[in-house]
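[1] How does the following fold in three dimensions:
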Amino acid sequence: MLDKGYKRPTARSRELRVNMTQPERRLWECLSARKVAGIRFNTQFPIGPFICDFVSRGAKLVIEIDGDSHGHSERADQHRTRYIETMGYRVIRFWNNDVMERLEGVVFEIERVLADTPSPSPSRKREGS
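    Sure, this is the predicted structure:
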C-alpha cells in the first residue's frame with residue numbers, strides 16, 4: 001500500500017456533510033440526484049488532504065463555496081486549487097452571498113462550465129471505418 005503522506009479525512013467529511021452551511025445546503029438541493037446536466041456530484045468529498053464542497057468525479061469538476069473566512073486565506077485557497085488541479089480537476093468558486101442571492105445564476109454558470117468541459121473518456125473510432 002502506498003503511503004500518501006496524509007490520512008484520508010473521511011471522518012471529517014462525514015461531519016461536514018451533516019453540518020453543511022446554509023449556502024452549501026441550498027446548492028446541494030440543486031446539485032443532488034443529477035439535477036444539473038445529469039451529472040452526479042458528491043458533497044464534502046476528499047481529494048488528497050483537502051475536503052471539497054462539491055465534486056463530480058465523472059466531469060472532473062470541483063465546486064467550492066467560499067464564505068468570509070476565505071477572504072483572509074487567499075494564498076491557502078490558491079495552493080489548494082493548484083493541488084486539486086494537479087489531480088485533474090477543474091475548480092470553480094462562488095461566494096456564499098452569490099448562492100444565497102443569485103442561485104439561478106450560480107446553477108447557470110455550473111451548467112455552462114459543464115457544457116464547456118470535454119468528455120473525460122472520448123469514444124474510440126470504430127475499427128474498419
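
[2] what residue ranges in this protein score low on pLDDT?
    Applying pLDDT under 70 to the chain flags residues 1-18, 68-72, 119-129.

[3] Could you give the number of residues near Cys52?
    Applying other Cβ atoms under 10 Å, we find 21 residues neighbouring Cys52. For every residue, glycine as well, the C-beta is placed using N, CA and C.

[4] and the strand or helix carrying it, what does it pack onto?
    Element membership for Cys52, per DSSP states H and E: strand 50-56. Helices and strands touching strand 50-56, by 3 or more Cβ pairs under 8 Å, 6 or more residues apart in numbering; DSSP states H and E, are helix 10-18, helix 22-31, strand 42-47, strand 61-66, helix 74-86.

[5] Could you save the ones you listed as TSV and add columns showing mean neighbour count and distance to Arg112?
    Formatted as TSV, the helices and strands packed on strand 50-56 follow (neighbours: other Cβ atoms under 10 Å; distance: least, Cβ to Cβ, whole Å):
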stretch	mean neighbour count	distance to Arg112
helix 10-18	13	27
helix 22-31	18	14
strand 42-47	19	21
strand 61-66	22	12
helix 74-86	13	19
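
[6] Nearest to Phe54, out of those?
    strand 61-66 (4.1 Å; Cβ to Cβ).

[7] tell me the contacts of the spatially most central residue of the chain?
    In the chain, the residue lying closest to the centroid (Cα atoms, centre = their mean) is Val62, at 2.3 Å. The contact partners of Val62, by Cβ atoms under 8 Å, 6 or more residues apart in numbering, come to 47, 52-55, 84, 89-92.

[8] how close does it get to Thr81?
    Noted for Val62: a distance of 8 Å to Thr81, by Cβ to Cβ, to the nearest Å.

[9] okay, and the common contacts of those two?
    By Cβ under 8 Å, 6+ apart, the residues touching both Val62 and Thr81 are Val91.

[10] did I read that right, Pro118 in a helix?
    No. According to DSSP: H, G, I helix; E, B strand; the rest coil, the state of Pro118 is coil, so it is not within a helix.
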